[in-house]
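Peer 1: fold the stuff below for me.
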Amino acid sequence: MEMLREQAEKLKRYFINADPFLWGLLENKNKKGRLPELKGLGFLKGYSEGSNPTYSKVNQDLLVELGIEGILERIVVPKVTNGFAPEVRRYFRRCWEQGQTPDMKYLREHRLYQKRMFSEGIVYGKRDEPHIVGHKDLAHIFTQIHTQYHFVERWTVFAGLWFEEIEPLFGSAREDIAEGSK
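Peer 2: Now for the predicted structure:
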């Protein structure tokens, strides 16, 4: 896919400055699992078993190997479209466009979020801050959820990037609308 240079540069900056790595789209949630997952997808073949490059180095290598267009086309878009049914993406888009967060009941009903008792290893935040769940459920790719009171606190940076930049480039919004009108 070809995109304008300015847009590619903007998306590249979002990619290299993303937190979490690859916007939390990978199934594995630590570097030890993420590198083999990327290798399993056919990328970063030059990395030896047991190598421990920094995330900055991994980002640089992915950009050299695939470019931002390839990262979006071969990793990001498939992860989102395979992880979220078209009707869920349409619902999220409608919420986004209306300036509201998705309803917690909807997330639970569609198995995107599950209420859990958390051990210290999977809850992020400082002691005096509300705890935001680390990307345990699919909903966390698009939303930050307050775990104590179980409500959607806000959209993630990736949500805005997806709805405003990525989805329009790859036409999934138009395809979803056409599919929904049949």
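
Peer 1: residue contacts, Thr143?
Peer 2: Thr101, Pro102, Leu107, Val152, Glu153, Arg154, Trp155, Thr156, Ala159 (C-beta atoms under 8 Å, 6 or more residues apart in numbering). Where C-beta positions appear, they are placed from N, C-alpha and C, glycine not excepted.

Peer 1: okay, and the beta partners of it?
Peer 2: With DSSP bridges as the criterion, Thr143 is bridged to Trp155.

Peer 1: which pLDDT value does the model give it?
Peer 2: Reading off the confidence values, Thr143 has pLDDT 93.

Peer 1: for Ser181, same thing?
Peer 2: 41.

Peer 1: switch to numbering from 380
Peer 2: Got it, first residue is 380 now, which makes that one Ser560.

Peer 1: buried stuff in the host helix or strand of Lys484?
Peer 2: Using DSSP states H and E, Lys484 maps to helix 483-488. By neighbour count on 16 or more other C-beta atoms under 10 Å, the buried set for helix 483-488 is Met483, Tyr485, Leu486.

Peer 1: so which of those is the closest to Leu417?
Peer 2: Using C-beta to C-beta, Leu486 comes nearest to Leu417 of the buried residues of helix 483-488, at 27.4 Å.

Peer 1: returning to what we had before: tabulate the buried residues of helix 483-488 (JSON lines), appending pLDDT.
Peer 2: Output for those, formatted as JSON lines (pLDDT from 0 to 100):
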{"residue": "Met483", "pLDDT": "92"}
{"residue": "Tyr485", "pLDDT": "95"}
{"residue": "Leu486", "pLDDT": "94"}
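
Peer 1: now the strands for the protein?
Peer 2: Along the chain, counting by DSSP state E, strands occupy 502-503, 511-512, 522-525, 530-534.

Peer 1: hey, least reliable of the ones you listed by pLDDT?
Peer 2: Among those, strand 511-512 has the lowest mean pLDDT, at a mean of 42.

Peer 1: looking at the chain, which helix or strand is least sure?
Peer 2: Lowest on mean pLDDT, DSSP states H and E among the helices and strands of the chain sits strand 511-512, with a mean of 42.

Peer 1: Val464: what's it in contact with?
Peer 2: No Val there; residue 464 is Ala. His489.

Peer 1: can you check Ile450 too?
Peer 2: By C-beta under 8 Å, 6+ apart, the contact set of Ile450 is Phe394, Leu441, Leu442.

Peer 1: mind listing which of the residues you listed are in helices?
Peer 2: Residues of those located in helices (DSSP state H): Phe394, Leu441, Leu442.
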